[in-house]
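*Asks:* What shape does this take:
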Amino acid sequence: MTRTQRRGGGIFIMVLLCMSQVFAQTIVQGVVTDAFSKQPLQYVSVVLKGGRGTVTDSAGHYQLRSSGSIATLQITYVGYKTILKTIVPGTTQTVNVELETDPKAINNVTVSTNKRAPYRNKGNPAVELIRRVIENKAINRTEHYDYVQYDQYEKLEVSISNVSDKISNSKLLKNYKFLFENRDTTKVEGKSLLPVYLEETLSKKYFRKKPEKTKTIVTGEKRVNFGEYIDNAGVSSYLNRLYMDIDIYDNDIPLFTYQFLSPIADLAPTFYMYYIRDTTTDASGQKLIKIYFTPRNTNDLLFRGNMWVTLDGNYAVQKINMFLSKNANLNFVRELHIDLDFEKSEDSRYHLSRSNIMADASVTKNSATGFFGERTVSFKNFRINIPQPDSVYDGTATVKLETATQHSDSFWQKNRHDTLTRTEAKVYSNIDSLEKMPSFRRTMAFLSFLLAGYTNLGPFEIGPAAAFYSFNPVEGFKLRFGGRSTPRLSKRIYFETYGAYGFKDERWKYFFSTTYSINNKSIYEFPLNFIRASYQYDTKIPGQELQFVSEDNFLLSFKRGKNDRWTYNRNLKLEYVHELDNHLSYTFGFKNWQQEPAGSIVYTKVVNGADVNIAKLTTTELSGELRWAPHEQFYQGRVYRIPIINKYPIFTLRFIAGVKGILNSEYNYQNLSLRMEKRAYMSQLGYSDVVLEGGYIFGKLPYPLMTIHRANQTYAYQLNSYNLMNFQEFVSDHFASVAIDHHFNGLFFNRVPLLKKLKLREVISLKMIYGGVRDENKPSVDPSLIKYPTVDGGPATFSLDKKPYVEGSVGITNIFKLIRVDLVKRFNYLENPYVAAIGVRARFKFDF
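*Replies:* Here you go, the predicted model:
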């Protein structure tokens, strides 16, 4: 054998030895006992550090197998010191361990003092256990499995609590006696509950990990029906938004439109305090540790309560009961209780089997009467890792069977996971009787007009009431009257109209629209699919943009500074709107737009060296819009819908082309814009609403057709406008902007002794826009373009060529639970006429 062959053989043998070392199995076994009593310890966690783990049995015995090269064994048990043992990888060995108690975990000393011992995370066995729970969240979540399926039953109930005898025995309410007789005094100690709303849902749930997809098939749905004056679907949507599904393994728990920090969130040990209370065993023999948790600051949106954690090496939550501190910075809610129960699956892991949320709310804290809400969700037939055909996951995430709302009482009696109480069972028939009473219908019609601004006349609605009367410098006093049709008239064709008259300009204004629903659904209900034609003649302030509010709203008639730059507008519009099930939507539009200057605005340009006034400006536009709002939800009403802001972004891409020659259109141009908006939740730091926007206009055009930046001269704080910018103060043919509105939710005020009782909340905002006007669109460069407006002989409209416009604000929200007040600061362009460097703005908002 040559030297080379011998050398190659040696290398081969070395490789075999190394491979045998790598693939040899490590087997570690032994017994864990108490160092003092010498008794075996059950459920001790024994882990190959960084690898596999197990727990000891009732005899204290354990065995671990591994093919890796880990050389450290870690033994931990609550109340005992942690031990690390060195082992030899690739061999079979016995390692017996005696654990010594940890003096820091023993709480049997009685101290006579009024001072509480300082709480520390370091060396706290309860915190160490919570950190194990946090580390193992991924393996205890439903998403850990490749496939999951189960049946779900939901019951949502709302009751009036503690109705006084004076009210129930009132002669005015004698016709409603049957309602007051149906009370439940057994559900909650010390409360008499009068149920007024009940909703039940049966569904089948499917989850697939790769590619990730969830599917909900609603097989049964039943709810009370208050008739046409109360939007039943809207009530259901709103209540389910308040009482959302709870996943204790998420960092944040959404309730009442806020994010509550979970007691096992990644940052939970920073905001919670933990104490070990007891050791117990569940029905299956699983040993559990009971942990009490409480907020470090009781004003924060945190819970207190007890949780039971398994000692099987998975550190799963087996049960949790928690409630909200009475001092928490939350409006109207006096009590909030959450109970979650888990059960062992076929793979010995724990999954949620039942959740129950109960909340008691009232307008004032000490009011005897209030509203009590409860949402119970139960889960059955939980099965894991059973693949389903791709067809199961096709289509939208939620599908409601056509027969879901048509089931008989016998179906519900058979398929409910829980039996309704006698009081709950009577809710359906009681509300059905109530809805048929003429006195109830008259009362609801009046309340609908008072609160919503519309009065229902069957297939038509009259309103909005807030726009019936307004005033402005151009029109003087303005009276307006209008209405719209409802789905009761037709689900295919909808009409909306109004007429208005200004007593100063002595002109009639009007609007009429016809909408055809292609999918035979309400034009206010997702997914939209309609064609609309409209014609409008009315006044407008260039650069004012309002959301969910009519421009003729009486409260917006009060404005600061000079407010006499208006236009008369004639708009002929055709548009097609189509929303897809994946929340991608597109819109195509046609618009013929005539602008006529009003007030102090005069359209003037130079013709043959002389100034010539322009009576009107006409343009025809073709437009297309693409909008993507993943997971978008709405507060859905009969004839309205309001988007629910969530954590997902919304993107809007819009293209508008002005086409010269069509219906007397005077200009060719192309306007491209992009907008992104998102709410960023930051746990205990609050949340930020962020909006990024940009646009570019190609072509030569006068300033009324450029981007007139959104300004606000009212005293109301407007989120989408620049609150210290004057109307028509800035125009651009290209721009980029950012707006940030951050809510701290009382992060600082909650720590100030006098302020925290007021439950005030802090808010800051920053708005910045930078843009400009190209030379080809500047009247100073090209006199043939319409001149910028002037005031007192000087310019009143400017471009942003020099620097960005910046304004910011600091504010306080939740004043009297309804009011937000901001101190707004404008940082530049202070040399412009009639501008204010500082202003105070207010805003009303109902929020929890």
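*Asks:* tell me the contacts of G658?
*Replies:* 619-621, 665, 667-671, 699, 701, 705 (CB atoms under 8 Å, 6 or more residues apart in numbering). Any C-beta I mention is one placed from the backbone N, CA and C, and that applies to glycine too.
*Asks:* any chance of these in JSON lines, with distance to Q286 and neighbour count too?
*Replies:* Compiled in JSON lines, these are given as follows (distance: CB to CB, whole Å; neighbours: other CB atoms under 10 Å):
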{"residue": "T619", "distance to Q286": "73", "neighbour count": "25"}
{"residue": "T620", "distance to Q286": "73", "neighbour count": "20"}
{"residue": "E621", "distance to Q286": "68", "neighbour count": "20"}
{"residue": "S665", "distance to Q286": "76", "neighbour count": "16"}
{"residue": "Y667", "distance to Q286": "76", "neighbour count": "17"}
{"residue": "N668", "distance to Q286": "75", "neighbour count": "15"}
{"residue": "Y669", "distance to Q286": "71", "neighbour count": "20"}
{"residue": "Q670", "distance to Q286": "68", "neighbour count": "14"}
{"residue": "N671", "distance to Q286": "65", "neighbour count": "21"}
{"residue": "G699", "distance to Q286": "73", "neighbour count": "16"}
{"residue": "L701", "distance to Q286": "74", "neighbour count": "22"}
{"residue": "L705", "distance to Q286": "72", "neighbour count": "24"}
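*Asks:* From these, which land in strands?
*Replies:* 619-621, 669-671 (DSSP state E).
*Asks:* Can you lay out the contacts of G658 as TSV showing pLDDT?
*Replies:* Compiled in TSV, the contacts of G658 are given as follows (pLDDT from 0 to 100):
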residue	pLDDT
T619	96
T620	96
E621	96
S665	93
Y667	94
N668	95
Y669	96
Q670	96
N671	96
G699	94
L701	93
L705	92
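*Asks:* mind listing the helices for this protein?
*Replies:* Counting by DSSP state H, the chain has helices at residues 3-23, 125-135, 137-140, 165-168, 177-180, 232-242, 268-271, 390-393, 409-415, 422-435, 438-452.
*Asks:* Can you say which of those is nearest to L261?
*Replies:* Nearest of the helices of the chain to L261, taken as CB to CB: helix 268-271 at 5.9 Å.
*Asks:* Not including adjacent chain positions, what is the nearest residue to I357?
*Replies:* R375 (4.8 Å; CB to CB, 6 or more residues apart in numbering).
*Asks:* what sits against the spatially most central residue of the chain?
*Replies:* Nearest to the mean C-alpha position of the chain, counting by CA atoms, centre = their mean, stands N646 at 3.1 Å. N646 makes contacts with 631-633, 679, as judged by CB under 8 Å, 6+ apart.
*Asks:* How about D282?
*Replies:* 288, 308, 318.
*Asks:* These into a markdown table, with extra columns for distance to N828, pLDDT and neighbour count?
*Replies:* Below are those laid out as a markdown table (distance: CB to CB, whole Å; pLDDT from 0 to 100; neighbours: other CB atoms under 10 Å):
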| residue | distance to N828 | pLDDT | neighbour count |
| --- | --- | --- | --- |
| L288 | 62 | 89 | 21 |
| W308 | 59 | 94 | 22 |
| Q318 | 59 | 93 | 22 |
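*Asks:* Please flag which of the residues you listed sit within strands.
*Replies:* 288, 308, 318.
*Asks:* Serialize the helices of the chain to CSV and add fields for distance to F226, mean pLDDT and mean neighbour count.
*Replies:* Shown next, in CSV, are the helices of the chain (distance: least, CB to CB, whole Å; pLDDT from 0 to 100; neighbours: other CB atoms under 10 Å):
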stretch, distance to F226, mean pLDDT, mean neighbour count
helix 3-23, 70, 40, 10
helix 125-135, 44, 92, 19
helix 137-140, 42, 91, 16
helix 165-168, 20, 82, 11
helix 177-180, 13, 84, 15
helix 232-242, 6, 70, 17
helix 268-271, 41, 92, 18
helix 390-393, 36, 90, 12
helix 409-415, 20, 92, 12
helix 422-435, 6, 88, 17
helix 438-452, 8, 77, 14
